[in-house]
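Chemist: could you work out the structure for the sequence below:
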Amino acid sequence: MLKTAAIFQDYMILQREKPIYVWGEGTPGMEVTARIQGKKGTAVVDDTGRWKVEIPALEASEKEELLITSAEESLTYNEVAVGEVWVAGGQSNMEFWMRYEKHREEEFKNCPHRNLRFFDVPEICYEGQEEEFDYSRQGIWREAVSQEELEYFSAVGYYFQKEIQKELGVPVGVIGCNWGGTITRAWMNPETVKD
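Modeler: Numbering: from 1, shown residues only. Have a look, this model is predicted:
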């Protein structure tokens, strides 16, 4: 059994110019290798069934393939880009989808933006919740290539990444980790809350 964490998928964006970490689950003692851009890293699955591979820093690029292999299995992720990755975390103002944004029609006409991608982390708070509800519209990497895809982007995240992409000229991914109505201290570190 060879698995990666859910965020590793086709169309993902990996951070450029820093070591890349890929992690997942497997059979204890199994060796796992991850390869991209001609670089690779290897790790052994620990006693708890978890592994984490470090790959040396990558240059900005598009249309890459991330290959993860063990002695018996392999996983391939296609259309992977390397560029800037940012986390957009917060409450409903950060969660606010492009489908409700005032200037959305103009932005829908400007598609496609293949170098702008978004991953919306599902709002899951207990074990087994993923099996009880349909999360097929969340937890996937989306490209800003059509109205149907762009409307699921965080509006704040989209306008931010659009400016970053224009300035840096590299693919930009945003990971939306939002939950409307959450209390402010849920987004703060414990030391700040105590103060």
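
Chemist: and the helices in the protein, which stretches?
Modeler: For the chain, the helices defined by DSSP state H cover 92-95, 104-109, 129-132, 147-150, 155-168, 190-194.

Chemist: residue 55 is nearest to which of those helices?
Modeler: helix 155-168 (21.4 Å; CB to CB). Where you see a C-beta, it was placed from the backbone N, CA and C, and this is true even at glycine.

Chemist: so what does the closest one touch, helix or strand wise?
Modeler: On a contact count with 3 or more CB pairs under 8 Å, 6 or more residues apart in numbering; DSSP states H and E, helix 155-168 meets strand 74-90, helix 92-95, strand 113-120, strand 172-178.

Chemist: and it, how far out from the chain's middle?
Modeler: How far helix 155-168 lies from its chain's middle: 16 Å, per CA atoms, centre = their mean, to the nearest Å.

Chemist: number of nearby residues for the closest residue to residue 25 other than its chain neighbours?
Modeler: Distance criterion CB to CB, 6 or more residues apart in numbering; nearest residue to residue 25, sequence neighbours excluded, is residue 3 at 4.6 Å. The number of residues packed near residue 3 is 15, by other CB atoms under 10 Å.

Chemist: ok, now the one 5 residues further on?
Modeler: Using other CB under 10 Å, residue 8 has 19 neighbouring residues.

Chemist: so who does it touch?
Modeler: The contact partners of residue 8, taken as CB atoms under 8 Å, 6 or more residues apart in numbering, are 22, 24, 66, 77.

Chemist: show only the entries of the residues you listed found in strands.
Modeler: Mapping the contacts of residue 8 onto strands (DSSP state E) picks out 22, 24, 66, 77.

Chemist: a markdown table please, covering those and showing distance to residue 86 and neighbour count.
Modeler: Formatted as a markdown table, the ones in strands among the contacts of residue 8 follow (distance: CB to CB, whole Å; neighbours: other CB atoms under 10 Å):
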| residue | distance to residue 86 | neighbour count |
| --- | --- | --- |
| 22 | 19 | 24 |
| 24 | 23 | 21 |
| 66 | 20 | 23 |
| 77 | 20 | 21 |
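
Chemist: nearest to residue 126 among the residues you listed?
Modeler: Closest approach to residue 126 among these (CB to CB): residue 24, at 21.9 Å.

Chemist: quick check, that closest one in contact with residue 46.
Modeler: No: assessed by CB atoms under 8 Å, residue 24 is found out of contact with residue 46, at 11.8 Å.

Chemist: that older thread, wait, doesn't the residue nearest to residue 25 sit right on residue 26?
Modeler: Yes: using CB under 8 Å, residue 3 makes contact with residue 26 at a distance of 6.9 Å.
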